[in-house]
Structures are given as structure tokens and as C-alpha cells.
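K.L.:
Give me a 3D structure for the following:
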Amino acid sequence: MISTRKLISRRGLAALAGAVLLAGVIAAVASSAPPPAAGEFTNVALANTKAAGIAPANGLSPELADVVAAQGSTKIENGTSAVPYYGYDGNGPMVPPLGSNVEASKTEPDKNTYLVFKKGLSGPDPNYDYGTHFLFQGHETGSPGYLTRINLDADPAHRVTLLATTDQNGSPLPNFDGSTWDPWSRQLLFTTENASKPGVYAIGATFPSTAHDLVGSLGDAAYEGIQNDSAGNLILEEDASGSNKTDPNNNNAATTAKRPNSFTYRFLPTKPGDLTSGKLQVLQVLAADGHPITFASQAALQSADQVALHTYGSSFETRWITIHDTAVDGTAAFNVNALAKAASGTPFKRPENGQFRPGSDFREYYFDETGDTNATSPENACCGGWGSIFKLVQKNPRADTGTLSIFYNGNQAHAGFDNTTFFSKNEISFVEDAGDTLHTQRNALDSAWMFDVTKDYSNQANQPVRFIAEGRDASATIDSGLQGTSGFQNEGDNEITGIHVSDGDPGEYGILGSKVPKALGQHGWRGFWTQQHGDNYTWELIQAPESMRPGGH
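P.N.:
Numbers count the residues shown, from 1 in each chain. A predicted model of the protein is given here:
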């Protein structure tokens, strides 16, 4: 059961979320129902449909409820004229005037990282106690790029702190996607999706703090997912969309199938905590006959290597290939994607995020590929076009070899996988980023899915559980209607991102995958997600009061 003392100590929740939400939280505290395990979530039968001018509410499993942690219009306590609010730049109104498409750029807070510091953290107000519970995120769009900290224990005036808008040289930061906490260096690591920029920046959790790029060791890359293992290594996923493939049976006309162009990487620091020196490696997958599956071998439409990779029951040997070593190659900036191709690494269709299975001693790693996000792709059924989930198994985090197999092949109803997190030892969530085009094609908005890693999903009787059927807030509905109009810069529809379950432990034993998560609300375990685009809500998932559940009183 959720601790009354802990919930009530989250100062400012009432003022931020409103009396109605506070009443729901109090009801949850008073509930005698035990927190549900992830495997006990009731399936939400249907996704929300997309229709012009309609803004449906989010649908959650009845065992769950949402509380607002921050929203786009939350004023940043130390904001600037360019960055005044959590989810809006200062270049226009939050809602376009009637008959206009001019509005502020939506900054799209992305992946969340939750941390608990027993001694608290400082902030812009030296006389304020910021508490001990914090949620960090980078922002995916807008200008400049920036990093924020949600002070979960704080009142509305101190709820969101701007951590940085410039790097160590005073240059504007790029936009950010992924994030994690490195306990050895005691720094947050944020990734960019811009291949021409440094792929990773490091920054301290306190205020003030300076963001430093790690271009000398991790290069220029379109990284998104980033995750530690117990040896102090980093696993990184690249999100670099490839060119459109052509159809040789149709006069080589362009198709909506994208060529795999994104790689999985591992960084081995010279010593844990020193992220400025070490070896960067790319994952190479070997076909059944021993040849590497490469960028070239997947050039053709529905290539044999792609089909094989996405065939249930197949297993492939893997090895890590060093592409850059600071001891040999120095610390000048370098193009990571180009080196991965030259080393015959294995690309995928945008493998955006991954997680280690808790309790596996970092021997099992699951990662997704987002796919083509288009219902017309000729590679949907065979080759990862809908999106897929892979399982990488190694003897230990330092192993140079392993095996790769397909865990789940997507379909029209389960497509465009992006962020991921484990809710328990066996349950892992993958959430959708299908995009406006696929939303329209399938007439369904995004969903969050719970998979059981002990199940065989080649058996069609086994299906993941939908625990969030994302709706669409009014702002995102307006933005969707404005898509394609001249000069309009924001994305339409909402996206599920930042799904994150953690107990916030900043020590080495606290890295994701070390501990088996408890049910939400037990032993400090908390869950968060961001309803990106539109109003840019970041939510905390809590157990719903018993009276709100089927058959409850």
C-alpha cells in the first residue's frame, strides 16, 4: 500500500494537479487494496480512435491511475524568455489564435530518469528545501535544447528547474531524447538524435551544473536509448532513419520501406566512471552460414537477411566489434554511423530503446526497433516494418559474444515501439510511437503494451496486455488538424514516451536491471510516463483506489 506519509510529503500536488486529482490520490492512500503486480493489469480492450476534432481521454487499466507531475504550461522557476515553460518555448502563444497556425514550439519532454537523493539537491532558490525525489528529462524539439528537473516534493513555484541550455563552451545545447544515470561518474547522461552533433552529454543532478559533451569518446551520433550494465559499460541504441528502398518489380519505384540504418553500440570505459576514454563497439550479427548481416546485405527489398532476423525460432551468433578506441584513435570528433558500417556492424530499423532483464545478472537485454511506421510498407509482415522486439543473451556484461533472437514481431495493432521499462522480473513494457500517418491509416492512437518475457509470442494465442490506450489532448488535436499548413512547426497527436519504473536508487546497485521491481507504491518503486506533443503532460502512474476498480466499493 502507498505510504500516507510519503504521498502527503509531496508538497504542492494539490495546487499543481487540482482538487479533483488530489481527491483521487487521497482515495488511493485510503484504499485497502494491495498494489497490483504488473501481470495483474486488466487489458484495455480497444485503442482510442483518431477522428478530426475529437480529443479522447486516456484509457488505463482499472488497477492504475494517473497524477500530473508536470505539464507543458508549468512555469519554470528559473526560466528565460526563450524557455519560460516546461513544455513550451517563448516564441508564441500556447494555443493559436482563431484562424491562425502560429503557436509556441512544443519542446516535447522525452525519456524520464527518476532519482532519490537522501540529502536533497540544491536549486535556484537558496532558501528553499527542494526535497529528495526528482525526475529528469531532456527535450526533443524547440530551440534551444534544454534539460529540466521536476522537483516532485516541491510547490508549484519550484516544481520545475531549468538545469542547462548551453554546454561547457557556452554553445546552445541540441535537442535530447534518451537519458540515464551513471552511478560511477555521478552524472546524468542525455542523448541526442542529431547525427551531426555530439551523441551524449553529461551533467550533474544538482544546480547549478554544466553539460559536457562526450564527443571524444562516444562521437557524433543519432543516439536515443542509453543504459548502464553492472560492469560500468554503456549500451546505446541509434535512431537514424534510412533511405527508402526501391521495388525492382515496379521499375525500381520508391517504397515506404526504409533501409535499416541504425546500430546497437556498447561503450567500455577504461575504468567505470571515466566516460572520456575507452572503446566504442558495434553489435555484429552473423547469419546461419557465418556471414555478417550488414548494411549492404539488407539493401534489397525484403532481403533474405532481414527475413531471417525476423523469423521466430531462429537464433544468431553475435559479437562486439571495436570501431573506436581513445587510446589508439584519440579524442577528436568522429562519425559513429560511418564507422559502424565500415566495420560490418548489423543495422536495424531504428532500434530506439532497450533494457536489461532484472534478475538476469545483465545477461539478457531486450531492445526494440520502431520500424517504418507506415501501413503501406512492403516490409511490414516479413522484415520489421511494423516494429519488433529482439532479445540479446550474453554470458556476462563483459562478454564479447552472444546470441540474438526475435522476441516479438509487430503487426498493425502493435507497431512503432519506442520507450521501454521492466515492471517486474518477467513483465516488460514497450510503448508506441506510431506517428500521425499510421494513426490515420489504422484509425488508432498509441498504446502501452505489457509483454511477458517467459511467453512464446510466435503462438498467436499469446498477446501482450494494453494498459494505456492513449487519448489526445485538445492541443494535440488542434496540432494534428494544422499539419501540412505553411510554416506550422509542431507535431500532431500525442505520443507515449518516457515510460520508466524505478526506486530512484542512485548507487551502483540502483541501475535499472539490478533489482527486481516491486509493485508501484511498494518499497519506493514509482512509475512515470510522458504524453508527448500537445500539452506535454508528464504523469506518475499510481495504484487506483479500490472503488475505481471493477466490482470495487
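K.L.:
what sits against residue 388?
P.N.:
Residue 388 is in contact with 310, 349, 368, 369, 371, 406, 407, 408, 409, 410, 417, counting by CB atoms under 8 Å, 6 or more residues apart in numbering. Any C-beta I mention is one placed from the backbone N, CA and C, and that applies to glycine too.
K.L.:
could you redo the residues you listed as CSV and give each row distance to residue 388, neighbour count and pLDDT?
P.N.:
Converted to CSV, these look like this (distance: CB to CB, whole Å; neighbours: other CB atoms under 10 Å; pLDDT from 0 to 100):
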residue, distance to residue 388, neighbour count, pLDDT
310, 6, 22, 98
349, 8, 30, 97
368, 7, 31, 98
369, 5, 29, 97
371, 7, 26, 97
406, 6, 21, 98
407, 8, 22, 98
408, 6, 24, 98
409, 5, 21, 98
410, 6, 25, 97
417, 8, 29, 98
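K.L.:
Out of these, list just those in strands.
P.N.:
Among those, the members falling in strands (DSSP state E) are 368, 369, 406, 407, 408, 409, 417.
K.L.:
Pretty sure the first one sits against residue 420.
P.N.:
Yes: with contacts defined as CB atoms under 8 Å, residue 368 counts as touching residue 420 at a distance of 6.3 Å.
K.L.:
Tell me where this protein has helices.
P.N.:
Secondary structure of the chain (DSSP state H): helices at 4-8, 13-17, 19-30, 215-218, 304-309, 326-329, 336-342, 435-442, 474-482.
K.L.:
Mind listing residues that contact stretch 305-318?
P.N.:
For stretch 305-318, contacts defined as CB under 8 Å, 6+ apart pick out 260, 283-288, 293, 297-298, 379, 382-384, 388, 392, 401-406, 409, 457-458.
K.L.:
Quick one: buried ones out of these?
P.N.:
Neighbour-count burial within those applies to 260, 283-287, 293, 297-298, 379, 382-384, 388, 392, 402, 404, 406, 409, 457; the criterion is 16 or more other CB atoms under 10 Å.
K.L.:
just to revisit the earlier point, pull the most distant pair out of the ones in strands among the contacts of residue 388.
P.N.:
406 and 417 (12.8 Å; CB to CB).
K.L.:
anything in contact with each of these two?
P.N.:
Contacts common to residue 406 and residue 417, judged by CB under 8 Å, 6+ apart, are 388, 389.
K.L.:
Contacts only, for the residue most central in space within the chain.
P.N.:
Central residue of the chain (CA atoms, centre = their mean): residue 419, 3.3 Å from the mean position. Contacts for residue 419 (CB under 8 Å, 6+ apart) come out as 111, 352, 353, 430, 431, 433, 496, 497, 498, 499, 500, 529.
K.L.:
Give me the pLDDT for it.
P.N.:
As predicted, residue 419 sits at a pLDDT of 97.
K.L.:
Distance check, the residue nearest to it when sequence neighbours are not counted against residue 303.
P.N.:
If you skip the residues right next to it in sequence, residue 419 has residue 499 as its closest partner in space, 4.7 Å away by CB to CB, 6 or more residues apart in numbering. Per CB to CB, to the nearest Å, residue 499 is found 32 Å from residue 303.
K.L.:
Looking at those two, which is more packed in?
P.N.:
residue 499 (23 against 20; other CB atoms under 10 Å).
K.L.:
surely the more buried one meets residue 432?
P.N.:
No: with contact defined as CB under 8 Å, residue 499 does not reach residue 432; the gap is 10.5 Å.
K.L.:
quick one: common contacting residues for those two?
P.N.:
residue 448.
K.L.:
got a pLDDT number for residue 150?
P.N.:
Reading off the model, residue 150 has pLDDT 98.
K.L.:
how near is it to residue 42?
P.N.:
29 Å.
K.L.:
and what of residue 347?
P.N.:
Computed as CB to CB, the residue 347 to residue 42 distance reads 38 Å.
K.L.:
I'd like to know how many residues surround the closest residue to residue 86 other than its chain neighbours.
P.N.:
Closest residue in space to residue 86, ignoring its immediate chain neighbours: residue 74 at 4.3 Å, by CB to CB, 6+ apart. Residue 74 has 23 neighbours, counted by other CB under 10 Å.
K.L.:
I'd say residue 74 and residue 159 touch.
P.N.:
Yes: Residue 74 lies in contact with residue 159 (CB under 8 Å); the separation is 5.8 Å.
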